[in-house]
Every structure is written in structure tokens, then in C-alpha cells.
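Enquirer: below: sequence and its predicted model.
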Amino acid sequence: MAHTNYFDEERIDSPSRQVWRHFSANPFSVLGLWGLIIILLLMILGPWIAPYLPEAQNLENPLLPPSWHATGEVRYFLGTDDLGRDMLSRLLYGAYLTFGSALLIVAITLTLGFVIGAISGTLTGLKSSILGHLLDSLLSIPSLLLAILFVAVLGPGLTHVLWAVGLALLPQFVHTIHNAIHDEMQKEYVTAAKLDGANRFQIFWFVVMPNVWDTLIVQTTLSVSVATLDIAALGFLGLGAQSPTSEWGALVAQNLDNLLVAPWTITIPGFAILFTVLVINLVGDGLRSALKSVRQV
């Protein structure tokens, strides 16, 4: 039996639906989201769908062009490098070394930064200043330069790069979360919640945090982009992943000698880095605009 509505009720969407409605209204944001999903799938499924092992050499087919070239072969869809290694396989395996490592280090840094920033943001006086501004001096140094300084001390290697990038991003998370929570704690609705008898945890989680999630989401999205660029840049400089690792930045550095003879060995991993950073920034910019539009309604 059909339900009859006798009242003219205005349906109000949930905040998440409102964010999605504003986000999906931007075609560039949706395009970036689809691109990000594709990269995530390639990162997860890469080792299973790669036709060859990344270090497998075939010296009979060095510097083979991509398959769409007149002298290319379908079995090497993106061509080979100077040692006959399949570029497609190395690109797929490198996805989790570059993009996957960026996601991992941002997740760890976000957790540490959230804990420190949340504690300092809810405190007052000297304790809040020490925790909130202890790492602020590092914000004046670009994250890549700071990562290079850490790698210079720790030594080259992908593991050390992850530590370096994480330590370089940590002050940004602490500063952003501290300021967002500290500003919200001064609002009148927090005072009203205290007068209603809410304890510190209830005020923090149910009163303050709903107004901080948008800042946290945008900062996390943009940090993934910065981490991806920093990991690739350090790999290109020889401070990160070492040969024969198929990390994207290291792939560009390993094939610099083949720039004029086989430019695809450089342009393909370079385009992968460019595409990944571009779609992350499109999604981050779309989320920022959507969250801002919802808060203004």
C-alpha cells in the first residue's frame, strides 16, 4: 500500500549528502575522483596484473618502444628500458612504492599530528603553547628541503625517506589541527555545552570535532600530494629508493642517460607522477569547495 504524505515537509539532506552534492557538481572534482580510484586500484592490483617481474631482464629487447610505435611489440605495452625490463610492470610495481608509501606515511603522521594538536588545542596557557608551537619553527622550511636534511642525516634509502617525509609533514598537521581546535574552543556554543554539563570528551568529540573535520580532510588530501612529490623527488635525487627499485622518481633518474634515445623511459614515469599529483589536487580542491559551500548554507 502506497504511503500518503499529508504534510508538506522539506527534506534536509545529511551533511555528507550535501558535501557529495556540491562535490559532484564540479566535473573536474569528479574526474579527479575517478582518476584517484584508478590509481588506487592499480596500486592494489599492480603486483597481480603486471605481466613481468619488475627486475626481469630481457637483453634481446633493450629500449623497445611502446606498442603503438611502428617497431613496438604488444607484449611490452609501454616498451622496455636499456636492460630489457618491462616498463609497464615496473610502473605498476612502483605505484605502491610511491603512492602507497605516501598514503602510509600520511596516515601515520596524521595520527601523531592529530593526537598532539588535539591535546594542545584543548589545553590553555603554557602547556598549550609548548605543544602547539614547539614545531612551528620548522614550518618556515619547505617540506622537501626539510626531508633532504633528514635524509642527509639518516642516509639514503626508501625507509629513511619515509621517516624524513613524515617528520617534515608532522609540523603542518600539528599546527593546522591545533589552530582549528583552539579557535573552536573559544566559540560560544562550547561555553553553552559546558554549562549544560558536558564533560571534556563530549565537548571535544561531539561539539568541536564536527566543525574541524573539513579542515582535517583537506589538510590530509593535500599532504598526500606533497608526500608523493617529495618521495619521487628524493628518489630522483638518489636519496630515496635505490636502483633497481621501480619507485617512480628513481625510474626517471635511472633512465636519464636514455633521454634522447628512448624518451618513453622517462616520460612514462614522469607522467604517472604528474597524473597522480593532479588528481589528488583536484579531489582536494573539490572537497575544500564543497565543505566551504556546506558551511555557508
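Expert: On my side now, so go ahead.

Enquirer: every contact and neighbour count from this point should use C-alpha atoms.
Expert: OK.

Enquirer: which residues touch the helix or strand of the chain with the lowest mean pLDDT?
Expert: In the chain, no helix or strand scores lower on mean pLDDT, DSSP states H and E than helix 125-133, which sits at a mean of 71. Residues outside helix 125-133 that contact it (C-alpha atoms under 8 Å, 6 or more residues apart in numbering): 116-117, 119-122, 174-175, 178.

Enquirer: repeat the analysis, applying 6 Å as the threshold.
Expert: Helix 125-133 is contacted by residues 120, 178 when judged by C-alpha atoms under 6 Å, 6 or more residues apart in numbering.

Enquirer: could you do stretch 82-101 as well?
Expert: Stretch 82-101 is contacted from outside by 43, 46-47, 50, 52, 54, 56-59, 61-63, 78-80, 228, 246-248, using C-alpha under 6 Å, 6+ apart.

Enquirer: so which of those belong to helices?
Expert: Judged by DSSP state H, the subset of the contacts of stretch 82-101 located in helices is 43, 46-47, 228, 248.

Enquirer: just among those, which is most surrounded?
Expert: Taking other C-alpha atoms under 10 Å as the neighbour criterion, Trp248 ranks highest of these with 33 neighbours.

Enquirer: dump the residue contacts of Ser143.
Expert: Shown in contact with Ser143 (C-alpha under 6 Å, 6+ apart): Ala168.

Enquirer: tell me the pLDDT of it.
Expert: You'll see Ser143 listed with a pLDDT of 82.

Enquirer: then the one 10 residues further on?
Expert: According to the per-residue confidence, Val153 scores 84 in pLDDT.

Enquirer: ok, back up a step: in ChimeraX, how would I select the buried members of the contacts of stretch 82-101?
Expert: Restricted to buried positions by 16 or more other C-alpha atoms under 10 Å, the ChimeraX selection for the contacts of stretch 82-101 reads:
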select :43,46,47,50,52,54,57,61,62,63,78,79,80,228,246,247,248
